[in-house]
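In: What follows is a predicted protein model with its sequence.
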Amino acid sequence: MPTIAPLDLAGHCVDARFIRDVPFFSIADGTIHRLDNGHKTSQAHDGLLCAVPSHDGKHLLTGGEDGRICSTGLNGEVEELSHLPRKWLTAVAAAPNGAIAFASGRSAWVRAADATVREIVHERSVEGIAFAPKGFRLAVARYNGVTLHWPATNGAPTELEWKGAHIAVAFSPDGRFLVTAMQENALHGWRLEDNRHMRMTGYPNKVKSWSWSVKGKWLATSGAPAAIVWPFSGKDGPMGKAPLELGTRGDSLVTAVSCHPIEEIVAIGYSDGMILVGRFGDQKEVLLRRPGKGAISTMSWDTTGHRLVFGTEAGDCGVIDITA
């Protein structure tokens with residue numbers, strides 16, 4: 001049976017992940033907690049809104065209600081990378097070349113590796129941002145579609161249109177597909193070689209969590225009483241194919257998903273705090289955590305896939321060791 005090391009924190013856990021194999025928990029009040037030979041805390045923001053790892057995995061990048069983009073490393077020191085007074089920084093992304101992007105209102109900013117910053121203004125508010133796998137393109141989710149920029153050049157952006165509010169965006173690991181989560185209960189996608197549309201509908205709730213499998217063959221998503229897992233292995237992506245449904249429960253919604261870094265399995269977190277792991281091949285399921293306080297809001301594996309870190313909306317956090 002897996003073992004759980006619990007960590008009871010105060011407030012909504014926005015992000016939980018491993019930084020250099022050390023568990024980091026980002027709480028909405030702006031504190032970052034880490035379990036590194038004891039429980040240690042850093043104050044990064046006056047209100048934390050978003051968090052992602054740096055591309056090299058050595059730091060946690062965060063944005064907050066205080067207009068700051070910060071980087072926190074293993075030593076707990078918080079470095080301010082950018083400060084935009086009176087801005088709520090609602091999204092952050094990291095690129096392989098050391099660039100980072102962040103967003104507030106109708107603007108996205110790209111901070112290059114040399115610390116120069118470029119602002120890109122849009123007609124509508126920027127809801128989500130993501131770098132392509134090689135880091136040269138930046139996707140900006142907005143109302144009625146996505147805008148693709150080449151931040152290092154002054155080239156004209158590419159507009160991908162689809163009516164409705166697009167609130168998050170992600171590239172497939174091979175860069176062939178672009179997927180958005182929408183304000184309505186659906187995903188939309190484009191095959192980038194010809195910008196062909198891909199519709200992924202049927203969700204009873206909004207998709208707030210998604211995760212690509214290790215080789216990008218599957219995209220696991222929340223927003224239903226099961227993890228909805230779309231196949232992306234063929235040239236047409238999920239078009240004409242039914243998704244897998246893993247971990248179906250009649251009384252609880254899936255609120256977070258995280259694909260394993262090595263195996264074709266996915267951790268599935270629910271609105272009642274339960275966590276299962278499901279396998280794509282035979283759809284077998286194993287219980288990792290019984291229901292607890294608050295919905296699972298975030299989960300992430302370590303690089304070996306032996307430990308899973310999780311957080312909830314109530315601050316009921318912890319680390320699960322599946323090898324125990």
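Out: Okay, I see it. Predicted model only: the values in this text are computed from it and were never measured. Residues are numbered from 1 along each chain as shown.
In: and the biggest strand by length in the chain, what's its mean pLDDT?
Out: The residue-count maximum for a strand in the chain (DSSP state E) belongs to strand 158-171. Strand 158-171 shows a mean pLDDT of 97.
In: Contacts for it next, please.
Out: In this structure, residues lying in contact with strand 158-171 by Cβ atoms under 8 Å, 6 or more residues apart in numbering are 127-133, 139-148, 177-184, 188, 190, 195, 197, 206-207, 210, 212. The way it works is simple: take the backbone N, C-alpha and C, and place the C-beta from them, glycine included.
In: can I get the CA coordinates of it in CSV?
Out: The C-alpha coordinates for strand 158-171 follow below in CSV (Å, rounded to 0.1, in the frame of the first residue of the first chain):
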residue,chain,number,x,y,z
THR,A,158,-0.7,33.8,-36.6
GLU,A,159,-4.3,34.0,-35.5
LEU,A,160,-6.3,30.7,-34.8
GLU,A,161,-9.9,31.5,-34.6
TRP,A,162,-12.7,29.7,-32.8
LYS,A,163,-15.7,31.4,-31.2
GLY,A,164,-15.9,31.5,-27.4
ALA,A,165,-13.6,32.2,-24.5
HIS,A,166,-10.4,30.2,-24.4
ILE,A,167,-9.0,30.2,-20.9
ALA,A,168,-5.9,27.9,-21.0
VAL,A,169,-3.6,26.7,-23.8
ALA,A,170,-1.0,23.9,-24.3
PHE,A,171,1.2,22.5,-27.0
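In: got any ranges where this protein has weak pLDDT?
Out: Low-confidence segments of the chain (pLDDT under 70): 1.
In: What's opposite residue 120 in the beta bridge?
Out: Note on residue 120: beta-bridge partners residue 108, judged by DSSP bridges.
In: Was I right to think it contacts residue 104?
Out: No: with contact defined as Cβ atoms under 8 Å, residue 120 does not count as touching residue 104 (11.9 Å).
In: Settle this for me: residue 122 is touching residue 143, isn't it.
Out: No: with contact defined as Cβ under 8 Å, residue 122 does not count as touching residue 143 (9.4 Å).
In: Quick check: buried residues in stretch 24-36?
Out: 24-35 (16 or more other Cβ atoms under 10 Å).
In: so who does residue 209 touch?
Out: Residue 209 neighbours (Cβ under 8 Å, 6+ apart): 221-222, 254-257, 269, 298.
In: Tell me how far the host helix or strand of residue 92 lies from the chain's centre.
Out: Per DSSP states H and E, residue 92 falls inside strand 91-94. Its chain's C-alpha centre and that of strand 91-94 lie 10 Å apart, by Cα atoms, centre = their mean, to the nearest Å.
In: So which elements touch that strand?
Out: strand 48-53, strand 60-64, strand 100-104, strand 128-131 (3 or more Cβ pairs under 8 Å, 6 or more residues apart in numbering; DSSP states H and E).
In: Output those strands in JSON lines; the columns should cover mean neighbour count and distance to residue 2.
Out: Below are these laid out as JSON lines (neighbours: other Cβ atoms under 10 Å; distance: least, Cβ to Cβ, whole Å):
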{"stretch": "strand 48-53", "mean neighbour count": "22", "distance to residue 2": "24"}
{"stretch": "strand 60-64", "mean neighbour count": "26", "distance to residue 2": "25"}
{"stretch": "strand 100-104", "mean neighbour count": "25", "distance to residue 2": "34"}
{"stretch": "strand 128-131", "mean neighbour count": "23", "distance to residue 2": "31"}
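In: want to throw these into CSV with distance to residue 153?
Out: As requested, the helices and strands packed on strand 91-94 are exported to CSV (distance: least, Cβ to Cβ, whole Å):
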stretch, distance to residue 153
strand 48-53, 24
strand 60-64, 24
strand 100-104, 15
strand 128-131, 15
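In: distance of residue 293 from residue 171?
Out: 35 Å (Cβ to Cβ, to the nearest Å).
In: Between the two, point out the one with more neighbours.
Out: residue 171 (21 against 12; other Cβ atoms under 10 Å).
In: Name whatever forms a beta bridge with that one.
Out: residue 178.
In: For the closest residue to residue 115 other than its chain neighbours, give me its contacts.
Out: Counting by Cβ to Cβ, 6 or more residues apart in numbering, residue 115 lies nearest to residue 81, which is 7.9 Å off, once chain neighbours are set aside. Residue 81 makes contacts with 61, 69-71, 100, 111, 115, as judged by Cβ under 8 Å, 6+ apart.
In: Residue 211 versus residue 81, what's the distance?
Out: 26 Å.
In: Could you check the longest strand of the chain and say which residues are buried?
Out: For strand 158-171, the neighbour count (16+ other Cβ under 10 Å) marks 160, 165-171 as buried.
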